[in-house]
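> sharing a model prediction with you, sequence too.
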Amino acid sequence: MYFAFGYGLYFYFTWLPTYLIRELGFSPISPDCRRAYHRDVMNLPDGMNFNLDPTWLFLSLIPSGIGLVLFVYGKKQSRMPQLVAGLVLMVYPIFTPTVFSLVGVGVLVCVALWIAVRAGW
């Protein structure tokens, strides 16, 4: 079990950023680390950021992990607020460019979940 976890972290923090930089042409120098060709082919908006900083990747695992737990709980218990909040928490770190927005959106989603549960959903 720990081998698989350790290998997953090794892949996520070392091999994946290296592959994206060397093979796919992402630039580690530019602040948003996006590739013009990829953006044009995928029709991504100009505000779409791809941050490959290992610290950012690790920080984005926190809300995504919480979202995974909420999603699994909502799916097993057939609870729609937890399921939706879990999906949002798993996906939104991809679109947040700063730590402030990462924390802010996470807090807003959790507060909205709390309000929905208190309202009886």
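Arrived safely. Numbers count the residues shown, from 1 in each chain.

> residues contacting M80?
By Cβ atoms under 8 Å, 6 or more residues apart in numbering, the contact list for M80 reads 74, 121. In short, each C-beta sits where N, CA and C put it, glycine included.

> for S64, see how far away it is.
20 Å (Cβ to Cβ, to the nearest Å).

> ok, W121 - contacts?
Contact analysis of W121 by Cβ under 8 Å, 6+ apart lists 80-81.

> V111 now?
Applying Cβ under 8 Å, 6+ apart, no residues qualify as near V111.

> secondary structure element holding it?
Using DSSP states H and E, V111 falls within helix 99-118.

> what sits against the residue positioned nearest the centre of the chain?
The residue lying closest to the centre of the chain (Cα atoms, centre = their mean) is P93, at 3.3 Å. The neighbourhood of P93, defined by Cβ under 8 Å, 6+ apart, consists of 60, 63-64, 102.

> and if we set it to 10 Å?
Remark: with contacts taken as Cβ atoms under 10 Å, 6 or more residues apart in numbering, P93 is in contact with 51, 56-57, 59-64, 67, 101-102, 105-106.

> now the residues you listed in a markdown table, with distance to L89?
Listed next are the contacts of P93 as a markdown table, based on distance: Cβ to Cβ, whole Å:
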| residue | distance to L89 |
| --- | --- |
| N51 | 18 |
| W56 | 16 |
| L57 | 16 |
| L59 | 13 |
| S60 | 11 |
| L61 | 11 |
| I62 | 10 |
| P63 | 5 |
| S64 | 7 |
| G67 | 3 |
| S101 | 14 |
| L102 | 11 |
| V105 | 9 |
| G106 | 7 |
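
> okay, the helix holding V111 in PDB with CA atoms only?
The C-alpha coordinates for helix 99-118 follow below in PDB (Å, rounded to 0.1, in the frame of the first residue of the first chain):
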ATOM      1  CA  VAL A  99      -3.300  30.600  -3.400                       C
ATOM      2  CA  PHE A 100      -5.800  33.300  -2.300                       C
ATOM      3  CA  SER A 101      -8.300  32.200  -5.000                       C
ATOM      4  CA  LEU A 102      -7.700  28.500  -4.100                       C
ATOM      5  CA  VAL A 103      -8.500  29.100  -0.500                       C
ATOM      6  CA  GLY A 104     -11.300  31.600  -1.200                       C
ATOM      7  CA  VAL A 105     -13.200  29.400  -3.600                       C
ATOM      8  CA  GLY A 106     -12.700  26.400  -1.300                       C
ATOM      9  CA  VAL A 107     -14.200  28.300   1.600                       C
ATOM     10  CA  LEU A 108     -17.100  29.500  -0.500                       C
ATOM     11  CA  VAL A 109     -17.900  26.000  -1.600                       C
ATOM     12  CA  CYS A 110     -17.700  24.600   1.900                       C
ATOM     13  CA  VAL A 111     -19.900  27.500   3.300                       C
ATOM     14  CA  ALA A 112     -22.500  26.800   0.500                       C
ATOM     15  CA  LEU A 113     -22.400  23.100   1.400                       C
ATOM     16  CA  TRP A 114     -23.000  24.000   5.100                       C
ATOM     17  CA  ILE A 115     -25.900  26.300   4.200                       C
ATOM     18  CA  ALA A 116     -27.500  23.600   1.900                       C
ATOM     19  CA  VAL A 117     -27.200  20.900   4.600                       C
ATOM     20  CA  ARG A 118     -28.600  23.300   7.300                       C
END
